[in-house]
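>>> one predicted model, sequence on top.
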Amino acid sequence: MIRVEHLFKSFDGQKVLNDISFSVPEGEILVILGASGTGKSVLLKCMMGLMKPDKGQIWIDDKEITRLPEGDLLKVRKHIGYLFQEGALYDFMTVYENIAFPLQEHTALDQRAIEAKVKNALELVDLQGVEGKHPSELSGGMKKRVGLARSIILGSKILFCDEPTSGLDPIRSRDISSLIKNVSKRLLCTTVITSHDIRNSFYVADRCALIRDGKIIAMGTRSQMEASSNAFVKEFIH
């Protein structure tokens, strides 16, 4: 369960998030929609604890994370997978080393157990036989898959994805959207995705929220969004 209450965030006097409130029930996939520069990524970083809001509360299960000391916040983050927009893979590491890194840092598993988990994660994202490659040898879609495998390697039940279809062609965009949906449902993750990709968002989401001028102006299922009488919602969707 994730709950955001009256969240505000400004940069140099410019309001980016202006009284944002919503909740995400356990197991739901929520897509946060909006044009570029509307604060979607800022919101996700606040929810991850990577950025502090000016005001408001963010609850991850029973923890209000905006006031947690760094040590306690790190414990919460261990239960959250984060798929960065560009994958954020370490260029100097192989695919195997990238995915294994969280296990080596946060668990006491031996090498054999780590190898098994990396293999299972790659199978889950339909990507086998690339363990020895470096990110520079991978396509954009493959990098996203490796990033997704790394984000779920610790068994996290919360998954945040920042613009996962950015930079991909329509076919690869559909593929990664389908993969995120399947992985989330299979692992019973509570998933929050930021996107401006309407078609794939409607495909993957249980609900969508549309941000404009720092506020959520519409939220609901695809049919509810499509039935909205708000002129901007209609324009954005169509």
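Yes, it's here.

>>> longest helix of the protein?
helix 170-187 (DSSP state H).

>>> now the element after it, going C-ward?
strand 190-195 (DSSP states H and E).

>>> contacts for the helix or strand following that following strand next, please.
Per DSSP H and E, the first helix or strand lying C-terminal to strand 190-195 is helix 198-204. Residues outside helix 198-204 that contact it (Cβ atoms under 8 Å, 6 or more residues apart in numbering): 29, 31, 33, 165, 173-174, 177-178, 180-181, 193, 195, 208, 222, 225, 236-237. For every residue, glycine as well, the C-beta is placed using N, CA and C.

>>> low-confidence stretches in the chain?
86-87 (pLDDT under 70).

>>> need the strands for it, in chain order.
Assigned by DSSP state E, the chain shows strands spanning 2-11, 14-24, 29-33, 55-60, 63-64, 80-83, 158-162, 190-195, 207-212, 215-220.

>>> can you redo the ones you listed as JSON lines with distance to Gln111 and mean neighbour count?
Rendered in JSON lines, the data for the strands of the chain read as follows (distance: least, Cβ to Cβ, whole Å; neighbours: other Cβ atoms under 10 Å):
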{"stretch": "strand 2-11", "distance to Gln111": "35", "mean neighbour count": "17"}
{"stretch": "strand 14-24", "distance to Gln111": "36", "mean neighbour count": "17"}
{"stretch": "strand 29-33", "distance to Gln111": "34", "mean neighbour count": "24"}
{"stretch": "strand 55-60", "distance to Gln111": "32", "mean neighbour count": "17"}
{"stretch": "strand 63-64", "distance to Gln111": "33", "mean neighbour count": "14"}
{"stretch": "strand 80-83", "distance to Gln111": "23", "mean neighbour count": "23"}
{"stretch": "strand 158-162", "distance to Gln111": "26", "mean neighbour count": "23"}
{"stretch": "strand 190-195", "distance to Gln111": "31", "mean neighbour count": "26"}
{"stretch": "strand 207-212", "distance to Gln111": "42", "mean neighbour count": "22"}
{"stretch": "strand 215-220", "distance to Gln111": "46", "mean neighbour count": "17"}
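
>>> what's the closest of the ones you listed to Leu138?
Of all the strands of the chain, it is strand 80-83 that lies closest to Leu138, at 15.0 Å by Cβ to Cβ.

>>> for that closest one, name the packing helices and strands.
helix 140-152, strand 158-162 (3 or more Cβ pairs under 8 Å, 6 or more residues apart in numbering; DSSP states H and E).

>>> specify the angle between the last one and helix 170-187 in degrees.
Using axes from the mean of the first three to the mean of the last three Cα atoms, to 10 degrees, one finds that strand 158-162 and helix 170-187 are set 170 degrees apart in direction.

>>> please compute how far strand 158-162 lies from its chain's middle.
2 Å (Cα atoms, centre = their mean, to the nearest Å).

>>> partners of it in the sheet?
Next to strand 158-162 in the sheet, as set by DSSP bridges, lie strand 80-83 (parallel), strand 190-195 (parallel).

>>> need the CA coordinates for it. PDB is fine.
Only the C-alpha atoms of strand 158-162 are listed here, as PDB (Å, rounded to 0.1, in the frame of the first residue of the first chain):
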ATOM      1  CA  ILE A 158       7.000  -2.400  -4.900                       C
ATOM      2  CA  LEU A 159       8.200  -1.400  -8.400                       C
ATOM      3  CA  PHE A 160       8.700   2.100  -9.700                       C
ATOM      4  CA  CYS A 161       9.300   2.600 -13.400                       C
ATOM      5  CA  ASP A 162      10.300   6.000 -14.800                       C
END
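
>>> alright, I will stop here.
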